[in-house]
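> A predicted structure for the sequence below; I have some questions about it.
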Amino acid sequence: MQPSTYQINLDLPPEERYEAICKDFRDQLDDLKALFSEILEATAAPKLLEWLSRKLLRRVYSEEETREMKGISSITGVPIHLVVAYNTLLDVMSGCTSGAVNTSQASSSPHMAHFRTLDWHMEPLRKVMICAEYVRSGKVIARAVTYAGYVGVLTGVRSGLSISLNYRIRMDRTWWSDFLLGYHNVVMLLGYRKSISSILREYLLSPGEPASLDEIATQLSSTRTSPCYLTFATPSQALLVEKDRKSATIIVDDKFLAVTNHDVAVESWPEERWMEAVRATEVTQPIYPEEWGIREILEDSKARKDCVVQLYKSQSKRRTRSSEVQIKDIAKWLETQPVLNSLTHFSCIMDPSIDGGGLVWVQAYPEAIEDEAISPEPPLLPHPSFD
């Protein structure tokens, strides 16, 4: 199914922008309390953190986003500290597969399509998936697949730029790196530093022309954020940022690019190096099933990436030299296991060449997918550019 679409009018006062969404999802957003408790249970001191959150989580770095969250809290009755936590913690807790592929004819200029699935082990969020159209001066300037009550951006597209975020496991951890990341998370939660979803929102909604991939790579290489993978695409090129707290590895391609939840460098590690990392790394995020450890997460990540890479290679071999991958082909990739799996909340394909940003295919999964329920022929949304 396709999520419901809501318009978010950026010309309205921030407190009023999410009114229609909040009224329609009031009951579901009340479940944020249970979701927050689930997140806290993954920490060392859930009761202490719950008490501190009630006292300290009152705002975020952006005044505009803080006002939006206060409006959401007022309309839904959800306490402001839960709305703030919801909007600052989700960006460090998503699994996923992301990438971009050239869909142009061989004789024409590149035409990148940005594909994405979002996976995690948080069932209540399935009930609040929506598509958003951001409107300024009566015109749609950007689109996103997101969650009701969430004001940041994890998946979005505008004319000239598309964006997605994936969870990144921290490898080679030390007590000092743990301390510095903990400090970053604390100052972010207290509203003294931007969350990565807020930074991505600025790229998506900034007036004028979007930032170039070179500008984005330069800015993110020195910006302090939570570790993550960021995929950006323009109509002609794709960028992958393997983001650490204050540094980044940059990968650029104009043919094909894919990322799941492990670094590209991990794929060339010898067995000894891989096993050392498995023993040294602990994962306590409620993204995956509780019984999964680092080995299972890395194996799952590699299986999903290997799958989409092999689908791309097979598709390329079958096609003639005069044509490349089509949108309907990418949609089939996203409906193939293990790219599609029981943790998948939604899959989508974005086209940054379309005015206002194109969500050319979106598939939501309000219930966990069973093997036999996977459709081999997912329907495409109407799209004049690919008729």
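Yep, it's here.
> The helix or strand bottoming out on mean pLDDT in the chain - contacts with which helices or strands?
Among the helical and strand segments of the chain, the one scoring lowest on mean pLDDT, DSSP states H and E is helix 271-280, with a mean of 73. Applying 3 or more Cβ pairs under 8 Å, 6 or more residues apart in numbering; DSSP states H and E, one finds that helix 271-280 makes contact with helix 294-318. Yep, even glycine has a C-beta here, placed from its N, CA and C like the rest.
> got the angle between the helix it packs on and helix 271-280?
Calculated by axes from the mean of the first three to the mean of the last three Cα atoms, to 10 degrees, helix 294-318 forms an angle of 130 degrees with helix 271-280.
> buried set for helix 294-318?
Buried residues in helix 294-318, counted by 16 or more other Cβ atoms under 10 Å: Ile294, Ile297, Leu298, Asp300, Ser301, Arg304, Lys305, Cys307, Val308, Leu311, Tyr312, Gln315.
> Quick one: list the elements packing against the helix or strand following that helix.
Per DSSP states H and E, the first helix or strand lying C-terminal to helix 294-318 is helix 327-334. For helix 327-334, the packing partners by 3+ Cβ pairs under 8 Å, 6+ apart come out as strand 112-119, helix 294-318, strand 344-351, strand 358-364.
> Can you list the neighbours in contact with the last one?
By Cβ atoms under 8 Å, 6 or more residues apart in numbering, the list of residues contacting strand 358-364 from outside reads 1-3, 113, 126, 129, 131, 143, 145, 157, 327, 330-331, 334-335, 345-352, 354, 378, 380-381, 383, 385-386.
> quick one, helices of this structure?
19-24, 26-29, 32-41, 46-56, 63-76, 80-89, 175-189, 196-205, 213-222, 271-280, 294-318, 327-334 (DSSP state H).
> got CSV for these, with distance to Arg245 too?
Converted to CSV, those look like this (distance: least, Cβ to Cβ, whole Å):
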stretch, distance to Arg245
helix 19-24, 32
helix 26-29, 31
helix 32-41, 20
helix 46-56, 21
helix 63-76, 22
helix 80-89, 16
helix 175-189, 6
helix 196-205, 11
helix 213-222, 11
helix 271-280, 18
helix 294-318, 19
helix 327-334, 31
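> Which among those is found nearest to Ser162?
Of all those, it is helix 196-205 that lies closest to Ser162, at 9.0 Å by Cβ to Cβ.
> got the angle for the closest one vs helix 175-189?
Computed by the same axes, to 10 degrees, the angle between helix 196-205 and helix 175-189 is 60 degrees.
> chain center to helix 196-205, what's the gap?
Per Cα atoms, centre = their mean, to the nearest Å, the displacement of helix 196-205 from the mean C-alpha position of its chain is 11 Å.
> And it, what does it pack against?
strand 139-147, strand 155-158, strand 161-167, strand 228-233.
> Mind listing the strands the last one pairs with, and their directions?
Strand 228-233 has the following strand partners under DSSP bridges: strand 161-167 (antiparallel), strand 238-243 (antiparallel).
> Same question for the shortest one.
The pairing partners recorded for strand 155-158 under DSSP bridges are strand 139-147 (antiparallel), strand 161-167 (antiparallel).
> Please look at Arg193 and Thr223 and confirm they touch.
No - Arg193 is not in contact with Thr223 according to Cβ atoms under 8 Å; the separation is 9.7 Å.
> Could you point out which residue ranges in the stretch 1-150 of the chain have low pLDDT?
Where the stretch 1-150 of the chain drops to pLDDT under 70, the residues are 42-44, 91-95, 104-110.
> can you tell me which of the helices and strands packed on helix 196-205 comes nearest to Met275?
Nearest to Met275 among these is strand 161-167 (22.0 Å), distances taken as Cβ to Cβ.
> coming back round to it: turn the helices and strands packed on helix 327-334 into JSON lines, columns for distance to Ser177.
Below are these laid out as JSON lines (distance: least, Cβ to Cβ, whole Å):
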{"stretch": "strand 112-119", "distance to Ser177": "26"}
{"stretch": "helix 294-318", "distance to Ser177": "16"}
{"stretch": "strand 344-351", "distance to Ser177": "30"}
{"stretch": "strand 358-364", "distance to Ser177": "36"}
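> Just tell me which of those ends up closest to Asp254.
strand 112-119 (7.4 Å).
> The closest one versus helix 327-334: what angle between them?
Interaxial angle, strand 112-119 versus helix 327-334 (the same axes, to 10 degrees): 20 degrees.
> so how far is strand 112-119 from its chain's centroid?
On Cα atoms, centre = their mean, the centre of strand 112-119 falls 9 Å from the chain's centre.
> how far off strand 344-351 does that strand point, in degrees?
Using the same axes, to 10 degrees: strand 112-119 against strand 344-351 is 170 degrees.
> Could you export the helices and strands packed on helix 196-205 as TSV, including distance to Tyr183?
Formatted as TSV, these follow (distance: least, Cβ to Cβ, whole Å):
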stretch	distance to Tyr183
strand 139-147	27
strand 155-158	28
strand 161-167	20
strand 228-233	17
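> Quick check: Phe232 touching Gly160?
No - assessed by Cβ under 8 Å, Phe232 is found out of contact with Gly160, at 10.5 Å.
> So these two - more neighbours on which side?
Phe232 (29 against 17; other Cβ atoms under 10 Å).
> show me the contacts for the more buried one.
Leu161, Ser162, Ile163, Tyr203, Leu213, Ile216, Ala238, Leu239, Val241.
> now His111
For His111, the contacting residues are Asn102, Thr103, Ser104, Pro235, Ser236, Ser353, by Cβ under 8 Å, 6+ apart.
> List buried residues within those residues.
Buried members of these, scored by 16+ other Cβ under 10 Å, are Asn102, Thr103, Ser104, Pro235, Ser353.
> what about the second one, distance to Lys255?
Shown here: Thr103 relative to Lys255, a distance of 11 Å by Cβ to Cβ, to the nearest Å.
> Also the fourth one?
Using Cβ to Cβ, we find Pro235 at a distance of 14 Å from Lys255.
> and what of the last one?
Applying Cβ to Cβ, one obtains 16 Å for the distance of Ser353 from Lys255.
> what do you get for the first one?
With distances taken as Cβ to Cβ, Asn102 is found 5 Å from Lys255.
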